[in-house]
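Visitor: Sequence and predicted model, in that order:
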Amino acid sequence: MDDRDMNQIETMMTRVVGVFAEDVRHKLEIVCDGQQMLAERMDRLDTRIDGLETGLERVEVRLTHVETRLTHVETRLDRVETRLDSVEVKIDGVASDLTAHRRDTEAHPRPYQVRED
């Protein structure tokens, strides 16, 4: 092996290493581009998730407001129910008084009766 053979081997090795390095560089660029796209998509996803979280917080506030209103409605219905129970007791008392009055009235003879001839 002489210098000329060594130069040819060196030239061939330089070309092979250059092609290999270019191939590795190209693949590395593809991986970097993919990582950049992935990072951008993750950023967009984070933005969408933030929007969803904000929306869910608003829904939670509205549900809390609805829950408070329902509690007030329940309280008012309880008061109405109490008042209706009171009215029912009063009606039962009036019915009882009327029944007693009717019995008392029917128990007494009528002193006179109007005749229609």
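Guide: Received it, and whenever you're ready, just let me know what you need.

Visitor: Which stretches in the chain count as helices?
Guide: 3-107 (DSSP state H).

Visitor: Give me the below-cutoff pLDDT ranges for it.
Guide: 109-117 (pLDDT under 70).

Visitor: rerun at 80
Guide: Applying pLDDT under 80 to the chain flags residues 1, 107-117.

Visitor: where's V89 relative to E74, distance?
Guide: Distance from V89 to E74, counting by C-beta to C-beta, to the nearest Å: 23 Å. The C-beta positions use only the backbone N, C-alpha and C, and glycine is treated the same way.

Visitor: ditto for V24
Guide: Distance from V24 to E74, by C-beta to C-beta: 72 Å.

Visitor: Check S86 too.
Guide: 19 Å.

Visitor: now swap in L45 and tell me
Guide: According to C-beta to C-beta, L45 and E74 sit 42 Å apart.

Visitor: ditto for T64
Guide: Applying C-beta to C-beta to T64 and E74 gives a distance of 15 Å.

Visitor: what's the answer for D92, then?
Guide: Taken as C-beta to C-beta, the span from D92 to E74 is 27 Å.

Visitor: repeat for A39
Guide: If you go by C-beta to C-beta, the gap between A39 and E74 works out to 51 Å.

Visitor: cool, R83 as well?
Guide: For R83 relative to E74 (C-beta to C-beta), the value is 15 Å.

Visitor: what do you get for R62?
Guide: 19 Å.

Visitor: got it, and D5?
Guide: Counting by C-beta to C-beta, the gap from D5 to E74 is 100 Å.

Visitor: just V16 next, same as before
Guide: 84 Å.
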